[in-house]
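> okay, structure incoming, though there's no sequence with it:
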């Protein structure tokens, strides 16, 4: 038993309508899709060739031109104009604004602020004393007077409100309650029952009428017409989509085969003759031209170059010697250096094993 084999898909039964629609739809779609696929593949190849030979070099040229016209001038402007100008303006701002401002703050505004703070402290102490000694006692007395007057007015108002409440209860509330319970409530219940009955009957009649005139015909139209037509259209759309995919794949194979045939024709008609011409004609001619013309010309050019370099070196040496001779004639030769005496010291100062020449033990 092959365990690596994928499980087979369940085969669904297809109706005769599906089979009858599939073959003509695939034929028609294949006839329509093959030219489109061939044109699409041709446009793809042309687009790739155009992109590789024209658009990419043009894009590189435009990118270089854009850098030369927009990026590099702004970089140069920033580096050589704006940055030095900014440094100069910063130095001017420091000299003209920051230093005078700091001096003004340190020697004018700070002492003035300290003086204003002391004046405000003295004024605040005087105002606190005035509030604690004068305004607060006067305010407490006025508050006590107002509190007594308020208690008196509250008592009078409570009595007046109680009298008005009793009169309002017996003159308004009790008659209104009786009128609502005996007259308005029964009338409202009767009116509500009547309105409910009328609305219910009208709604039932409209429901039956709408059901007979709209719902039943719409249901019949849906079940008897739209559902079958929709199923047929769904089958046609599914088969058309499958036919398009199948035709596109077949057209791709046809296009690849046509491309291979065209490539073989181009190879045998253009490439192979050009290759044979290059191998049999141009290569031997190039070798002959290289061996009999270019190499002797190069050797002659190198020999001429060596002769020219040797002549230039000889001329430089001649000029250098003439300059040295002229300098010695006009200024004299260089002074000989005194020979250095590298012999061992002789006489009394010579140090031996039996005597010392230091400052403490010198003989």
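Received the coordinates, thanks. Every value quoted in this text rests on a predicted model; they were computed, and no experiment measured them.

> could I get the pLDDT score of residue 134?
Per-residue confidence (pLDDT) for residue 134: 83.

> check the burial of it by counting its neighbours.
With neighbours defined by other Cβ atoms under 10 Å, the count for residue 134 comes to 10. No exception for glycine: its C-beta is placed from N, CA and C like everyone else's.

> cool, residue 42 as well?
Residue 42 has 14 nearby residues by other Cβ under 10 Å.

> quick check: it vs residue 185, distance?
91 Å (Cβ to Cβ, to the nearest Å).

> show me which helix or strand of this structure is least confident by mean pLDDT.
The helix or strand of the chain with the poorest confidence is helix 16-50; it has a mean of 77 (mean pLDDT, DSSP states H and E).

> pull out the buried positions in it.
Neighbour-count burial for helix 16-50 flags 21-22, 25-26, 29-30, 33-34, 37-38, 41 (criterion: 16 or more other Cβ atoms under 10 Å).

> gap between that helix and the chain center?
Relative to its parent chain, helix 16-50 has a centroid offset of 40 Å by Cα atoms, centre = their mean, to the nearest Å.

> remind me which residues of the stretch 251-363 of the chain are low pLDDT?
By pLDDT under 70, the low-scoring segments of the stretch 251-363 of the chain are 330-363.

> regarding the chain, what is its longest helix?
Assignment by DSSP state H gives helix 227-266 as the longest helix of the chain.

> just checking, what packs against it?
Counting contacts by 3 or more Cβ pairs under 8 Å, 6 or more residues apart in numbering; DSSP states H and E, helix 227-266 is packed against helix 16-50.

> run the chain-centre distance for the very next helix or strand once past the helix it packs on.
Following helix 16-50 in sequence order, the next helix or strand is helix 56-66 (DSSP states H and E). Per Cα atoms, centre = their mean, the displacement of helix 56-66 from the mean C-alpha position of its chain is 23 Å.

> pLDDT (mean, whole number) over helix 56-66?
91.

> if we can go back for a sec, tell me which strands and helices the least confident helix or strand of the chain is in contact with?
Partner elements for helix 16-50 (3+ Cβ pairs under 8 Å, 6+ apart): helix 227-266.

> could you pull out the buried residues of the helix it packs on?
Result for helix 227-266 [16+ other Cβ under 10 Å]: buried residues 235, 239-240, 243-244, 247-248, 250-252, 254-255.

> that helix: what's the following helix or strand?
Moving toward the C-terminus from helix 227-266, the next helix or strand (DSSP H and E) is helix 272-277.

> what's the first helix or strand after that next one?
Next along the chain after helix 272-277, taking DSSP H and E as the criterion, comes helix 283-289.

> packing partners for that following helix?
On a contact count with 3+ Cβ pairs under 8 Å, 6+ apart, helix 283-289 meets no helix or strand.

> can you give me the buried ones in the following helix or strand past it?
The helix or strand immediately downstream of helix 283-289 is helix 295-331, counting by DSSP H and E. By neighbour count with 16+ other Cβ under 10 Å, helix 295-331 contains no buried residues.
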